[in-house]
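Student: Any chance you can model this:
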Amino acid sequence: MNLWVILPVVGALLGWGTNRLAIWMLFHPRRPVRLFGWSWQGVIPGRRTLLAESLSQTLEEHLLTPEDRQALLDKLEIERHLDRIVTQTLQNQIPRGPFQKVPALEGAREKLIDVLRSQILQRLPGKLSEIDERILVEVAADIDVAGHVRQRLLDLPMDQIEILVKSVTRRELIMIELAGAVIGLFVGLLQAAVLVLFEKFVV
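Tutor: Down below sits the predicted model:
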């Protein structure tokens, strides 16, 4: 087996292995390992707090601003939700028993619920229109998206974070490994060419 085979194969294996090790070191070791006075820890476990702070801050300042949150709340179909809530509340509060005991009142409960629901919903929009803007502004301001995301990232086990990141970036990570192999292959070919030329012109 000559240099044109050995060096490219070794270079490809080294390039692939180096990039694979670099990807592994993003998540491992999970806890600091001390060796000869040096502390070694995976990038993500070591910078987890900083990453959570940076991601949550970016989310709040650029991706989901208070204005964005209020716009999302504005799109909620409040009337539809109110209709459902009022109907369920009336059905729970008005018992079936008295109406079932008197045949003449059959169907009266549903009609009573329908009348009460209509009366309540007719009055609610007028009152809500006077305060809904203020409510939406206050609710949007109180939604701490950044704090929630930051705490979730800090609470999530590292193995789940690793699985999540790898599942999302699986293709890219494979391409990085393959790129290392390809670069190593070309480096090996270059080394073989240099050695052949050296032997031809110098030796």
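
Student: only C-alpha atoms for contact and neighbour calcs from this point on.
Tutor: Will do.

Student: residues of stretch 152-172 that come out buried?
Tutor: Buried positions in stretch 152-172, judged by neighbour count with 16 or more other Cα atoms under 10 Å: 153, 158, 162.

Student: go on, stretch 40-47?
Tutor: By neighbour count on 16+ other Cα under 10 Å, the buried set for stretch 40-47 is 40-46.

Student: now, the most widely separated pair of those residues?
Tutor: For the buried residues of stretch 40-47, the farthest-apart pair by Cα to Cα is Trp40 and Ile44; their separation is 12.0 Å.

Student: tally of neighbours for Ser56?
Tutor: Neighbours of Ser56 under the rule other Cα atoms under 10 Å: 22.

Student: Run through the strands of the chain in chain order.
Tutor: 33-35, 38-40 (DSSP state E).

Student: Can you lay out those as TSV showing distance to Leu121 and mean pLDDT?
Tutor: What follows is the strands of the chain, written out as TSV (distance: least, Cα to Cα, whole Å; pLDDT from 0 to 100):
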stretch	distance to Leu121	mean pLDDT
strand 33-35	64	85
strand 38-40	64	85
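
Student: ok, which stretches of the protein are helices?
Tutor: Counting by DSSP state H, one finds helices in the chain at the ranges 3-24, 43-46, 48-58, 66-74, 78-93, 97-101, 108-142, 145-155, 158-168, 170-201.

Student: Including mean pLDDT and distance to Val33, could those go into CSV?
Tutor: As requested, these are exported to CSV (pLDDT from 0 to 100; distance: least, Cα to Cα, whole Å):
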stretch, mean pLDDT, distance to Val33
helix 3-24, 93, 15
helix 43-46, 90, 11
helix 48-58, 87, 16
helix 66-74, 67, 42
helix 78-93, 80, 54
helix 97-101, 67, 71
helix 108-142, 69, 41
helix 145-155, 84, 21
helix 158-168, 90, 16
helix 170-201, 91, 25
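
Student: Which among those helices is found nearest to Arg31?
Tutor: helix 43-46 (7.4 Å).

Student: centre of the chain versus the closest one, how much separation?
Tutor: Once both centres are worked out by Cα atoms, centre = their mean, to the nearest Å, helix 43-46 turns out to sit 18 Å from its chain's centre.

Student: again, but for stretch 16-26
Tutor: With Cα atoms, centre = their mean, you get 24 Å for stretch 16-26.

Student: go on, stretch 180-187?
Tutor: Counting by Cα atoms, centre = their mean, stretch 180-187 comes out at 34 Å from the chain centroid.

Student: swap in stretch 109-116?
Tutor: The answer for stretch 109-116 is 45 Å, by Cα atoms, centre = their mean.

Student: so what's Gln57 closest to, chain neighbours aside?
Tutor: Nearest residue to Gln57 in three dimensions, chain neighbours excluded: Ala146, at 6.1 Å (Cα to Cα, 6 or more residues apart in numbering).

Student: One more: Gln41?
Tutor: Using Cα to Cα, 6+ apart and skipping the chain neighbours, the partner closest in space to Gln41 is Pro32 (4.6 Å).
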